[in-house]
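Enquirer: Following is a predicted model, sequence given first.
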Amino acid sequence: MVGPARPQFVLFGSSIVQLSFSHRGWGSILSDVYARKADILLRGYFGWNSRRALEVLDQVFPKDAAVQPSLLIVYFGGNDSMGPHPSGLGSHVPLPEYVENMRKIASHLQSLSDSTRIIFLSCPPVNEAAIRANKRDGIHLSAEGSKIVAEEIVKVLREADWKPSLHWKSMPTEFAEDSPYYPVAADGKTPINPSEWTFYREFHI
């Protein structure tokens, strides 16, 4: 019999989020760590700012959804902080409005469920030298940067006093019971339960 549905962890934000599953990004690392424990859902939108997020917040996170996220990881700000365009178009949002937009986003997300937890990511540093040299965009995370972000998220989840805990070591593993269909040990008689194998991971926070 299948147990209760896996918890949902939703990544919501702009390109830092959309690209989090590319090139060993932080979203893909979390999916690896939480395999058989939680479903990591991507709601990342390249180029979005906090204004655009507010416009569709009810569509992305309807309050009457049958299942609400257990965890939301939210990032907006990089596009908001770009300089204003003379046309008045573009993604720039004045700082006071950005703060208010993020407050509204937080309020809506907190109202989804008493058990929904939220982590907000701050903007990463910008490599201006790389931008000027056109070597890379200097804004989005490298594989090394993504690993740091993932480690920090897992560290927060380990240390947070949340009930139930959302740290991967505290969460049940789906279909973890023994089975005669698992690989056989060197003795030729004993099945090896691989449900908790983690030796291949880059970190074990």
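Expert: In hand now; what should we look at? If you're wondering where the values come from, they're calculated on a predicted model, not measured in any experiment. Numbers count the residues shown, from 1 in each chain.

Enquirer: Check the gap between Tyr182 and Pro164 for me.
Expert: 28 Å (C-beta to C-beta, to the nearest Å). To be clear about C-beta, it is placed using only N, CA and C from the backbone, and glycine gets the same treatment.

Enquirer: Around Gln68, how many other residues sit close by?
Expert: 19 (other C-beta atoms under 10 Å).

Enquirer: again, but for the one 3 residues further on
Expert: The local packing of Leu71 (other C-beta under 10 Å) involves 23 other residues.

Enquirer: What pLDDT does the model give the residue nearest to it when sequence neighbours are not counted?
Expert: Excluding the flanking residues, the one nearest Leu71 by C-beta to C-beta, 6 or more residues apart in numbering is Phe9, at 4.4 Å. Note on Phe9: pLDDT of 98.

Enquirer: does Phe9 really touch Ile40, like I thought?
Expert: Yes - Phe9 lies in contact with Ile40 (C-beta atoms under 8 Å); the separation is 5.0 Å.

Enquirer: Touching both of the two, which residues are there?
Expert: Leu30, Tyr34 (C-beta atoms under 8 Å, 6 or more residues apart in numbering).

Enquirer: Can you show me the strands along the protein?
Expert: 8-13, 39-44, 71-75, 117-120 (DSSP state E).

Enquirer: what are the C-alpha coordinates of the shortest one, in PDB please?
Expert: Okay, so that is strand 117-120. What follows is strand 117-120, C-alpha atoms only, in PDB (Å, rounded to 0.1, in the frame of the first residue of the first chain):
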ATOM      1  CA  ARG A 117       7.400  26.800   5.800                       C
ATOM      2  CA  ILE A 118       9.200  29.500   3.900                       C
ATOM      3  CA  ILE A 119      12.800  30.300   3.200                       C
ATOM      4  CA  PHE A 120      13.700  33.500   1.300                       C
END
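
Enquirer: The closest residue to His92 other than its chain neighbours: how many residues sit nearby?
Expert: Counting by C-beta to C-beta, 6+ apart, Pro84 is the residue found nearest to His92 once chain neighbours are left out, at 4.3 Å. For Pro84, the neighbour count with other C-beta under 10 Å is 12.

Enquirer: Roughly how far does Pro84 sit from Pro124?
Expert: 22 Å.

Enquirer: cool, and Asn193?
Expert: From Asn193 over to Pro124 (counting by C-beta to C-beta), the distance is 39 Å.

Enquirer: The two - which one has more neighbours?
Expert: Neighbour totals were compared for Asn193 and Pro124, and Pro124 leads with 17 against 14 (other C-beta under 10 Å).

Enquirer: Surely Leu109 and Val60 touch.
Expert: No - the criterion here is C-beta under 8 Å, and Leu109 misses it with Val60 at 10.0 Å.

Enquirer: Tell me which of those two has more neighbours.
Expert: Of the pair Leu109 and Val60, Leu109 is the one with more neighbours under other C-beta under 10 Å, namely 22 against 13.

Enquirer: wait, what's in contact with that one?
Expert: Phe61, Leu72, Val74, Thr116, Ile118.
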